[in-house]
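[1] Just the structure for this:
(one chain, ligands or ions: 1)
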Amino acid sequence: MFESAILSAADKAGQYAELAAHARGLLHGEANLIANAANFAALVYHALPGLNWCGFYFVDEAVQGGELVLGPFQGQPACVRIAFGRGVCGTAAATRTTQLVPDVHAFPGHIACDAASRSEIVVPLVRADGTLLGVWDVDSPEPARFDEDDRAGMQALCAVFSSACARAGAQAAPEHRMT
Ligand code: SME
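    Below you'll find the model as predicted:
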C-alpha cells in the first residue's frame, strides 16, 4: 500500500525537496509513461495544499502544427485538446518556458476547465534529445498560489518525472510488482 506524502519541512524549498524524494521512490524502476504520470499526479495532488487540479498534457505527435492531448490528472474532468500557443498550457508548449500565472483571468486566452481555478503554473517537459514531451499543469482556487519557490520546486519535480520515464527498457522494480 502507498501512503500519501507527508511534508514536514518548514519552508517550500524543503517541502519540494521532500516531495522530489517521494517522487523518486514512487517512480523508481518504472519507465511506463502513463503509470508514472498517474502516480506522479496523485502524489502531488495529495501532498500540496491549495490545489484543485494537477496533471499532464502530452504532445499528440499525429497532429500537424502542434497539439496537446490530456493525460493522467487529479481533479475535475478537463478539456481534452489544446493547440500550441493557446491558453497557459499551449503557451508553455510553444515557448518551452514555465508559465507562472498569479491571476488566470488576466492571462489572455486562458482556458477555464474548472471555474474554481484562480492561479496556475505550467512547466514544459522536454526530453533529453530536445523534443517536447508535453506539459505539467497545476491549478489552484487561491489567487497567486504559486511563487518562485513553486517554479523551482515544480521544475525539479518534473526533472524527476522526466528522468524516470527516460529510462527506456527499465524493468518494474520488484517492490512495485503486485503478485
Ligand atoms: N487552464 C489551462 C487549461 C487546462 S486546465 O486548467 C486543466 C490553460 O489555459 O491552458
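[2] In the protein, where is pLDDT below threshold?
    For the chain, applying pLDDT under 70 flags the ranges 1-3, 167-179.
[3] near the ligand, which residues of this protein?
    53, 78-79, 82, 87-90, 110-111, 113, 117, 120, 137, 139 (CB under 6 Å from any ligand atom). Where C-beta positions appear, they are placed from N, C-alpha and C, glycine not excepted.
[4] if you set the cut-off to 8 Å instead, what comes out?
    Counting by CB under 8 Å from any ligand atom, the chain comes close to the ligand at 53, 55, 57, 70, 73, 75, 78-79, 82, 86-92, 104, 107, 109-114, 117, 120, 122, 137, 139.
[5] where along the chain do the helices fall?
    For the chain, the helices defined by DSSP state H occupy 12-27, 33-47, 87-95, 148-166.
[6] which one of those has the most crowded surroundings?
    Among these, the stretch with the highest mean neighbour count (mean count of other CB atoms under 10 Å) is helix 87-95, at a mean of 23.
[7] Find the nearest non-adjacent residue to the residue nearest the centre of the chain, please.
    Among the residues of the chain, residue 136 comes closest to the average C-alpha position under CA atoms, centre = their mean, at 2.9 Å. Closest residue to residue 136 apart from its sequence neighbours, by CB to CB, 6 or more residues apart in numbering: residue 123 at 4.6 Å.
[8] I figured that neighbour was touching residue 156, is that so?
    No - using CB atoms under 8 Å, residue 123 is not in contact with residue 156; the gap is 9.8 Å.
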